[in-house]
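**Student:** Task: produce atomic coordinates for the following.
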Amino acid sequence: MTQQSSTRHSDTFAVVTGGTQGLGMAIAKRLAQDGAAGIVVSGRDPEKGRAAAKDISSLGTDCRFIKADVSRVDECELLIQKSIDAFGRVNALVNSAALPSRGTLLETTPELWEAHMNTNARGPMLTMKALVSHLKETGRPGSIVNIISMAAHCGQPFLTAYSTSKGALVTLSRNVANAYAADHIRCNGIMTGWMDTPGENQTQQDFHDAPDDWLVEAEKGQPMGQLVKPDEVAGLASFLLSPESGVITGSIIDFDQVVRGAYPTSGR
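**Tutor:** Take a look at the predicted model:
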């Protein structure tokens, strides 16, 4: 068993949606390494979920898998309640689950639009609602981190529904932060740039017919020679969820190497 590296989360009982792979799993692992008392990872694939929970538990934290599709109202509410039942309480939430499918304005059907809004905006709203209700009932503080995307600033033409749903999550995160600051319930967001994850690899193959070496070529074109790595984001998420981040709330942090508002120089 790998020893936990710190105790910053010794009183943390966390739920991580989309926690069975990619960024969500990286965050769950970092919470375990930072001494979390208990973690629930959720996702739609039980086999993948059980394997993830076993892997995270090997780091010294009791980790459970709870199957949940955050596009479904009842499953969002049950996820938080089952997590509370498992550990007695929950005081941290990471909304990492997201739908990445593509579509321009002209290609976006009402069904695609609804799927993105239900998964990427309504799902986090419902999990936050359930957690905040629990925290207010018990009078305990808590912390929420929503994984957003730099695409929320605009996004490529083929990300119409995705970008809009993530933009909604930006506003929702700030609204929740403002509403419950006096209850010591904090809510922050991380706007991730282009990231190297298994999900992104699948997206590149499914929607962009990318070759097997797409990552190598993509990283050559980045200012710092790499895509964002999940472990890098996980460190920030752990900090924001921990008491070490103090009163930080309502912050939406760009986690990217492309500076928003910057433009290429003319060479002169």
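
**Student:** now the closest residue to residue 118 other than its chain neighbours, what's its secondary structure?
**Tutor:** Spatial nearest neighbour of residue 118, excluding adjacent residues (C-beta to C-beta, 6 or more residues apart in numbering): residue 71 at 4.4 Å. Bear in mind the C-beta positions are built from the backbone N, C-alpha and C, glycine included. Here residue 71 is recorded as coil under DSSP: H, G, I helix; E, B strand; the rest coil.

**Student:** Likewise for residue 205?
**Tutor:** helix.

**Student:** Count the neighbours of it for me.
**Tutor:** For residue 205, the neighbour count with other C-beta atoms under 10 Å is 13.

**Student:** Now that we're looking at it, what pLDDT does it have?
**Tutor:** For residue 205, the pLDDT comes out at 76.

**Student:** and the gap between it and residue 137?
**Tutor:** 45 Å (C-beta to C-beta, to the nearest Å).

**Student:** The protein: helices as residue ranges?
**Tutor:** Using DSSP state H, the helices of the chain run over 22-33, 46-57, 73-87, 110-117, 123-138, 160-180, 198-208, 214-220, 230-241.

**Student:** Now do the first one: distance to the chain's middle.
**Tutor:** Read that as helix 22-33. 10 Å (C-alpha atoms, centre = their mean, to the nearest Å).

**Student:** which strands and helices sit next to it?
**Tutor:** Contact here means 3 or more C-beta pairs under 8 Å, 6 or more residues apart in numbering; DSSP states H and E; on that basis helix 22-33 packs against strand 13-17, strand 38-43, helix 46-57, strand 92-95, strand 142-147, helix 198-208, helix 230-241.

**Student:** Mind putting those into CSV with distance to residue 83?
**Tutor:** Output for the helices and strands packed on helix 22-33, formatted as CSV (distance: least, C-beta to C-beta, whole Å):
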stretch, distance to residue 83
strand 13-17, 5
strand 38-43, 4
helix 46-57, 12
strand 92-95, 9
strand 142-147, 12
helix 198-208, 23
helix 230-241, 15
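
**Student:** Check these for me: which has the lowest mean pLDDT.
**Tutor:** helix 198-208 (a mean of 76).

**Student:** Now that one - C-alpha only, PDB.
**Tutor:** Presented in PDB, the C-alpha positions along helix 198-208 are these (Å, rounded to 0.1, in the frame of the first residue of the first chain):
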ATOM      1  CA  PRO A 198      -8.200   8.900 -22.300                       C
ATOM      2  CA  GLY A 199     -11.500  10.700 -23.000                       C
ATOM      3  CA  GLU A 200      -9.800  13.300 -25.200                       C
ATOM      4  CA  ASN A 201      -8.100  10.500 -27.100                       C
ATOM      5  CA  GLN A 202     -11.500   8.900 -27.800                       C
ATOM      6  CA  THR A 203     -13.000  12.200 -28.800                       C
ATOM      7  CA  GLN A 204     -10.200  12.900 -31.300                       C
ATOM      8  CA  GLN A 205     -10.700   9.500 -32.800                       C
ATOM      9  CA  ASP A 206     -14.500   9.600 -32.800                       C
ATOM     10  CA  PHE A 207     -15.100  13.200 -34.100                       C
ATOM     11  CA  HIS A 208     -11.800  14.300 -35.800                       C
END
